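Peer 1: Fold the following, please.
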Amino acid sequence: MHILTFQLNNFRNIARAEVEPSAGVNVIFGENGQGKTSLLEGIWLFTGCRSFRCADAGELVMEGKTQAKLQTSFISNEREQQAQLEIEKRRVLNLNGFAQETPRRMLGVFPAVAFTPDTLSLVKGGPGERRRFLDVALSMLTPAYAVRLSKYLKALAQRNALLRQANPPQDLLDTWDASLAAQAAGLLSARLRYLDELLPRALDFYEKISGAREALEIAPHITGVESATANAGASAVEEAYLAAFARTRHSDLRRQMTTIGPHRDDLLLRLDGRPLREFGSQGQQRSAALALKLAEAAALGDIAREAPIALLDDVLSELDARRQADLLRYIEGWQVFLTCCEPSHALHGRAGKVFCVRDGAVEE
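Peer 2: Residues are numbered from 1 along each chain as shown. Alright, predicted model coming up:
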């Protein structure tokens, strides 16, 4: 997977830019606030996911303009493809000359992994950060997962709305419990299969990054279903969720929210048996977060049989020279876009191109 050409118009603070990147490493340098991250953000939007910086599409349009337009030609699934995004209050996608009903049609077509300063939130943030980490990767691998997740969240919203009523109809709660359990079973099964691929890679990367000085442990924390049942057949897991929703209904009514299910699950990270979030140093936490993202990239490449694009936003500045070289070695052969303030030695001897971003203009 790699980009051949990429264009932006009226996107963030970039009036117009056209880039023909290297299939190897692309260094994007410039002072802060010039548009480096905007370039990476624009590429990320072609994954079909929302921006990694904001939720409101309107914020992506240059101030004073009504519309932003992004275009790219890329090689994916062994063929050249074209995509165009028009952004106003929402995103409108055209793929290979055909209008698409939603930008999420790009899921599985344009695989990418983003390393940003917020990557550390995988360790320091709450459970929602780690769930999103899993959901984004799984949505890229299997667009059907994104559909199931959407159905689950809609059913969850309906059940929570009923729980907030004074005397909700029990038959309606039964209906939404059944819908929620069916989608929850599919989500859990997909997450566990993915974790079987992800976790051994993450532990291996952490061992290399840390020099095997300490032992990292990562395990899923599942709510509503016992670990032994979680790996049973789909019907058994669905029945277990249904029983769990019935068992917790009284307390859920009191709290006016659904307290178990995939929307409450987490990944537990421990270092030498102690919670990494509370007891790990800044360096240990950063190394664990980087190991998880490297594992995501490796798993995505292996499962999809196509190396994703790697977007590194101001990540190298947080690493010493050895770890910088190691990081680029781990993703050797991939198309990489990395931002930095000082470009010297950023290529680490690899073939690639260097782009300067100044006042919203991009020059090779």
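
Peer 1: Run through the residues that contact the residue nearest to residue 334 when sequence neighbours are not counted.
Peer 2: For residue 334, ignoring the flanking residues on the chain, the nearest one in space by CB to CB, 6 or more residues apart in numbering is residue 307 at 4.5 Å. C-beta here means a position set from N, CA and C on the backbone, and glycine is covered the same way. Residue 307 makes contact with 1, 301, 331, 333, 334, 335, according to CB atoms under 8 Å, 6 or more residues apart in numbering.

Peer 1: So which of these are in helices?
Peer 2: residue 301 (DSSP state H).

Peer 1: looking at the contacts of residue 307, which has the most residues close by?
Peer 2: residue 335 (24 neighbours; other CB atoms under 10 Å).

Peer 1: How many neighbouring residues does the residue nearest to that one when sequence neighbours are not counted have?
Peer 2: Once flanking residues are discounted, residue 335 sits nearest to residue 2: 3.9 Å by CB to CB, 6+ apart. A total of 17 residues lie near residue 2 under the criterion other CB under 10 Å.

Peer 1: From residue 75, how far out is residue 2?
Peer 2: Separation of residue 2 from residue 75 (CB to CB, to the nearest Å) stands at 6 Å.

Peer 1: Likewise for residue 114?
Peer 2: Distance from residue 114 to residue 75, by CB to CB: 20 Å.

Peer 1: Show me the strands in the stretch 51-200 of the chain, by range?
Peer 2: If DSSP state E, counting those that start in this stretch is used as the criterion, the strands of the stretch 51-200 of the chain fall at 68-76, 79-87, 91-95, 98-99, 112-115.

Peer 1: can you list the residues that contact stretch 190-200?
Peer 2: Taking CB under 8 Å, 6+ apart as the rule, stretch 190-200 contacts 134, 137-138, 141-142, 145, 148, 218, 220, 230-231, 262, 265, 292, 295-296, 299, 302-303.

Peer 1: What average pLDDT does it get?
Peer 2: Regarding stretch 190-200, the rounded mean pLDDT is 95.

Peer 1: buried sites along that stretch?
Peer 2: Of the residues in stretch 190-200, 190, 191, 194, 195, 197, 198, 199 count as buried by neighbour count, 16 or more other CB atoms under 10 Å.

Peer 1: Once you drop chain neighbours, what's closest to the residue sitting nearest the centre point of the chain?
Peer 2: The centroid of the chain falls nearest to residue 136 when counting by CA atoms, centre = their mean (3.9 Å). Once flanking residues are discounted, residue 136 sits nearest to residue 49: 5.7 Å by CB to CB, 6+ apart.

Peer 1: picking up where we left off before, which of the contacts of stretch 190-200 are buried?
Peer 2: Buried, going by 16+ other CB under 10 Å: 134, 137-138, 141-142, 145, 148, 218, 220, 230, 262, 265, 292, 295-296, 299, 303, out of the contacts of stretch 190-200.

Peer 1: Among those residues, which lie within helices?
Peer 2: Checked against DSSP H, the buried ones among the contacts of stretch 190-200 include these in helices: 134, 137, 138, 141, 145, 148, 230, 292, 295, 296, 299, 303.

Peer 1: Which one of the residues you listed is nearest to residue 68?
Peer 2: residue 137 (26.5 Å; CB to CB).

Peer 1: The closest one reaches residue 298, doesn't it?
Peer 2: No. In this structure residue 137 lies outside contact range of residue 298 using CB atoms under 8 Å: 11.2 Å.

Peer 1: Which one of residue 114 and residue 75 is surrounded by more residues?
Peer 2: residue 114 (25 against 15).

Peer 1: Spit out the contact partners of the more buried one.
Peer 2: 40, 44, 52, 311, 313.

Peer 1: Below-threshold pLDDT in the chain: ranges please.
Peer 2: 55, 318, 344-350 (pLDDT under 70).

Peer 1: the longest helix in it is where?
Peer 2: Longest helix in the chain, counting by DSSP H: helix 170-210.

Peer 1: For that helix, what is the distance to the chain centroid?
Peer 2: 15 Å (CA atoms, centre = their mean, to the nearest Å).

Peer 1: repeat for stretch 151-159
Peer 2: Worked out by CA atoms, centre = their mean, stretch 151-159 lies 22 Å from the chain centre.

Peer 1: Same check on stretch 228-248?
Peer 2: That offset, for stretch 228-248, works out to 27 Å (CA atoms, centre = their mean).

Peer 1: Check stretch 283-293 too.
Peer 2: For stretch 283-293 - counting by CA atoms, centre = their mean - the centre lies 15 Å from the chain centre.

Peer 1: I'd like the numbering to begin with 57 instead of 1 from here.
Peer 2: From this message on, residue numbering opens at 57, which makes the last subject stretch 339-349.

Peer 1: Now it - C-alpha only, PDB.
Peer 2: Taking Å, rounded to 0.1, in the frame of the first residue of the first chain, the C-alpha atoms of stretch 339-349 are listed here in PDB:
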ATOM      1  CA  GLY A 339       9.800   6.100  29.500                       C
ATOM      2  CA  GLN A 340       8.200   2.800  30.300                       C
ATOM      3  CA  GLN A 341       4.700   4.100  29.500                       C
ATOM      4  CA  ARG A 342       5.900   5.600  26.200                       C
ATOM      5  CA  SER A 343       7.700   2.300  25.300                       C
ATOM      6  CA  ALA A 344       4.500   0.300  26.000                       C
ATOM      7  CA  ALA A 345       2.400   2.600  23.900                       C
ATOM      8  CA  LEU A 346       4.900   2.500  21.000                       C
ATOM      9  CA  ALA A 347       5.000  -1.300  21.300                       C
ATOM     10  CA  LEU A 348       1.200  -1.500  21.000                       C
ATOM     11  CA  LYS A 349       1.200   0.800  17.900                       C
END
